[in-house]
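Novice: Prediction below, plus the sequence it came from.
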Amino acid sequence: MHVHGISTSIAIFPFPSSTRAKPTNLNRSLELKLIDRHCLLISLAFSTTPFFLAKFETMGIINTNPVSKTTVDNGLSEVGKKQTVRSALALKEMRVCKGSCWIWPSITQRPFQAAEIIASINGINHSYFFSFTLSARKLYVYKSRVCNKETQEAVAMATPIPIDTFNLGFIGAGKMAESIAKGVVKSGVLPASRIRTAVHNDASRKEVFSSIGVKVFDTNKEVVEDSNVIIFSVKPQVVKDVVLQLTPVLSKKQLLVSVAAGTNLSELQEWAGHDRFIRVMPNTPAAVGEAASVMSLGTTATKEDGELVANLFGAIGKIWTVNEKLFDAVTGLSGSGPAYIFLAIDAMADGGVAAGLPRDLARGLACQTVLGAASMTIKTGKHPGQLKDDVASPGGTTIAGIHELEKGGFRGILMNAIVAAAKRGRELSQS
Ligand SMILES: NC(=O)C1=CN([C@@H]2O[C@H](COP(=O)(O)OP(=O)(O)OC[C@H]3O[C@@H](n4cnc5c(N)ncnc54)[C@H](O)[C@@H]3O)[C@@H](O)[C@H]2O)C=CC1
Ligand SMILES: O=C(O)[C@@H]1CCC=N1
């Protein structure tokens with residue numbers, strides 16, 4: 001977050017008066033901005049642009065990483081440290097951090113080191129440190145928790161979700177929520193007592209969730225008020241209304257997640273007035289710990305938020321992080337995919353029955369065959385075409401079966417199904 005439009009006056013402190021009078025690149029390298037009565041922004045401009053990066057490297061103020069100048073660095077040089085000390089002393093002189101003070105170093109090494117120095121000189125307790133990226137390469141010091149609404153929001157957004165005690169709430173007690181809840185409880189990653197939901201019209205859903213041990217409220221509002229992480233698991237057609245209805249009770253301390261197909265992060269964030277959002281596309285095998293999920297982080301979801309969601313969905317299957325533009329394709333493949341395979345299993349079982357097998361045996365064989373083939377593809381890492389060749393003996397049974405599948409356009413049909421589902425996801429996002 002940038003500190004939008006609340007600059008009332010600017011004071012540049014840590015440099016000798018001669019340089020203060022006539023700003024140079026050097027004195028712009030470290031400045032304190034008084035951004036309101038209680039808030040200060042320390043802008044470490046020497047790391048903001050490649051131009052200054054190069055400039056201050058030449059001046060010997062910073063040590064940049066020879067490999068990457070944007071992500072990792074070697075920390076402050078001795079000169080840079082001295083500058084930071086001067087800046088910290090100026091802060092001390094101003095008594096900015098007397099009492100409480102919040103400090104946000106950004107993710108790179110230099111601001112973090114500078115934060116350490118400033119904290120130590122000003123007696124800021126480390127518990128007030130947030131490794132939260134308010135701005136890629138800046139450092140913010142706030143005198144009090146509540147400088148103004150924006151600061152309050154920044155504090156809330158920087159508040160980590162309590163990993164060991166957080167409550168998980170589902171808005172929409174449907175099939176997908178049930179699969180996730182069952183999987184999460186079964187995996188042991190979260191006890192049922194920390195999961196909440198509310199039933200809407202269908203009262204039978206209450207029993208389904210209660211039997212898992214999930215706390216079922218009467219209203220969505222109660223779910224929101226009692227949850228740190230909230231998963232929107234209603235249908236795409238109603239997700240907008242549901243989010244809008246809950247916006248007044250959402251807090252920026254909460255992490256929001258949506259599993260709705262065809263609903264973009266930008267829309268979700270706008271409706272919720274809340275950027276701490278993560279979009280996930282799971283699938284129902286979550287219920288048995290075998291989900292295939294992908295996720296994409298919203299604007300202010302933190303690295304820790306991403307880890308929390310990855311941990312949650314990782315406990316009920318596999319999860320990948322992808323660019324959000326891939327979501328419709330993912331929805332067509334893995335989101336909807338279990339249905340294609342259930343259809344295939346059913347059809348294979350029917351084929352077995354047609355060939356003379358008892359129904360139970362036919363279904364068991366079909367299921368285990370699908371499971372075995374998927375597992376073998378993953379475990380061997382071999383191309384599925386190679387594995388297919390290994391099954392099909394010359395002039396044998398398999399190639400006779402494959403011949404029939406190919407005549408019916410088996411592969412093309414499956415490909416079309418995924419493309420059609422992806423297209424439908426795109427349509428939903430545009431409607
Ligand atoms: N079912 C699946 O395999 C997958 C579903 N999804 C997504 O998950 C979401 C939910 O899908 P399903 O669970 O299949 O649907 P579902 O119809 O089983 O569940 C939706 C639930 O939301 C409830 N609901 C409706 N209006 C509500 C409101 N105003 N407040 C609270 N609850 C309300 C309904 O009563 C229903 O129980 C959808 O957005 C879907 O795109 C994503 C991946 C896979
Ligand atoms: O059919 C649907 O729309 C949802 C999304 C992915 C799976 N089920």
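Specialist: Good, I have the coordinates. From a predicted model like this one, the values you see are computed outputs, not experimental measurements. Ligands and ions are numbered 1, 2, ... in the order given.
Novice: Residue 397: neighbour count?
Specialist: Applying other Cβ atoms under 10 Å, we find 10 residues neighbouring residue 397. (Glycine included, C-beta is placed from N, CA and C.)
Novice: And the pLDDT for it?
Specialist: The model reports residue 397 with a pLDDT of 98.
Novice: Same question for the one 3 residues further on.
Specialist: In the predicted model, residue 400 carries a pLDDT score of 98.
Novice: quick one: contacts for it?
Specialist: Counting by Cβ atoms under 8 Å, 6 or more residues apart in numbering, residue 400 makes contact with nothing.
Novice: go with 10 Å
Specialist: Residues counted as contacts of residue 400 (Cβ atoms under 10 Å, 6 or more residues apart in numbering) are residue 392.
Novice: Could you say which helix or strand holds it?
Specialist: Element membership of residue 400 [criterion: DSSP states H and E] is helix 397-407.
Novice: Quick check: nearest residue in space to residue 369, chain neighbours excluded?
Specialist: In this structure, residue 369 finds its nearest non-sequential neighbour in residue 348, 7.1 Å apart by Cβ to Cβ, 6 or more residues apart in numbering.
Novice: Show me what the helix or strand harbouring the one you found is packed up against.
Specialist: Assigned by DSSP H and E, residue 348 falls within helix 337-354. Other elements packing on helix 337-354 under the criterion 3 or more Cβ pairs under 10 Å, 6 or more residues apart in numbering; DSSP states H and E are strand 291-297, helix 359-380, helix 410-430.
Novice: Of the ones you listed, give the one that comes closest to ligand 2.
Specialist: Smallest distance to ligand 2 across the helices and strands packed on helix 337-354 (Cβ to the nearest ligand atom): 7.3 Å, for helix 410-430.
Novice: Can you point out the buried residues in the closest one?
Specialist: Within helix 410-430, the residues scored as buried using 16 or more other Cβ atoms under 10 Å are 417, 418, 421, 422, 424, 425, 428, 429.
Novice: angle of the helix holding residue 400 against helix 410-430?
Specialist: Interaxial angle, helix 397-407 versus helix 410-430 (axes from the mean of the first three to the mean of the last three Cα atoms, to 10 degrees): 50 degrees.
Novice: Outline the domain layout of the protein.
Specialist: Domain assignment for the chain by automatic domain parsing gives 10-155, 168-331, 337-430.
Novice: now the residue lying closest to residue 316 once chain neighbours are set aside, what's its secondary structure?
Specialist: Excluding the flanking residues, the one nearest residue 316 by Cβ to Cβ, 6+ apart is residue 183, at 3.3 Å. Under the three-state scheme (DSSP: H, G, I helix; E, B strand; the rest coil), residue 183 adopts helix.
Novice: residues touching residue 183, list them.
Specialist: Counting by Cβ under 10 Å, 6+ apart, residue 183 touches 189, 282, 284-291, 312-313, 315-317.
Novice: And these, which two are furthest apart?
Specialist: Distance extremes for the contacts of residue 183: the farthest pair is 189 and 284 at 17.9 Å, using Cβ to Cβ.
Novice: Out of the contacts of residue 183, which comes closest to residue 359?
Specialist: For those, the closest approach to residue 359 (Cβ to Cβ) belongs to residue 288, at 22.1 Å.
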